[in-house]
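J.: The sequence and its predicted three-dimensional model are supplied below.
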Amino acid sequence: MPRFAVYHRVVGDRFTPFESAGFQLAATVEAPCLEATFQICNSIDGPWTENEEVLRVTTDFPRSLSVGDAVVDEEEYVHEVLSIGWGKRDPQRELPFVP
């Protein structure tokens, strides 16, 4: 099953240009696709951090995946969460990280 790295936007808001925002790794999940990753990383029937597909949580303040956040696939492509669907970006080197 594919693995996805889930990043929360921690600098700027959803109106801040993607390239100017800052991101921190929030979790690693196993999911068949991006849409499933979005569902897994949202608290629907309970805390998303307790879903069996969540392999690792790396933030002290987990929250549901939201518009402006990012998911990196195994090919290192960055997918920005949009209000409807996903925005695919070039490989991970473009994702501005915050330590």
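T.: Received, thanks. Numbering: from 1, shown residues only.
J.: which of the residues in the secondary structure element (helix or strand) that Phe38 belongs to are buried?
T.: Assigned by DSSP states H and E, Phe38 belongs to helix 34-40. Within helix 34-40, the residues scored as buried using 16 or more other C-beta atoms under 10 Å are 34, 36-38, 40. C-beta: built from backbone N, CA, C; applies to glycine.
J.: how about TSV for the residues you listed, with distance to Asn51 added?
T.: Shown next, in TSV, are these (distance: C-beta to C-beta, whole Å):
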residue	distance to Asn51
Leu34	16
Ala36	10
Thr37	11
Phe38	12
Ile40	5
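J.: I'd like the residues you listed laid out as TSV, including distance to Gly85 and pLDDT.
T.: Formatted as TSV, these follow (distance: C-beta to C-beta, whole Å; pLDDT from 0 to 100):
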residue	distance to Gly85	pLDDT
Leu34	9	95
Ala36	14	98
Thr37	13	98
Phe38	10	97
Ile40	17	97
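J.: right, and out of those residues, which lies closest to Gly87?
T.: Leu34 (11.0 Å; C-beta to C-beta).
J.: May I have the residues that are in contact with the closest one?
T.: 4, 71, 73, 79, 86 (C-beta atoms under 8 Å, 6 or more residues apart in numbering).
J.: make it 6 Å
T.: Applying C-beta atoms under 6 Å, 6 or more residues apart in numbering to Leu34 gives the contacts 79, 86.
J.: hmm, back to that, which strands and helices lie in contact with the very next helix or strand once past the helix holding Phe38?
T.: Counting by DSSP H and E, the next helix or strand C-terminal to helix 34-40 is strand 54-57. Strand 54-57 sits against strand 22-30, with contacts defined as 3 or more C-beta pairs under 6 Å, 6 or more residues apart in numbering; DSSP states H and E.
J.: Need the residues that contact the strand it packs on.
T.: Under C-beta under 6 Å, 6+ apart, the answer for strand 22-30 is 1, 3-11, 37, 40, 53-59, 70, 95-98.
J.: how close does the nearest residue to Val6 once chain neighbours are set aside sit to Tyr7?
T.: Excluding the flanking residues, the one nearest Val6 by C-beta to C-beta, 6 or more residues apart in numbering is Ala27, at 4.5 Å. Computed as C-beta to C-beta, to the nearest Å, the Ala27 to Tyr7 distance reads 9 Å.
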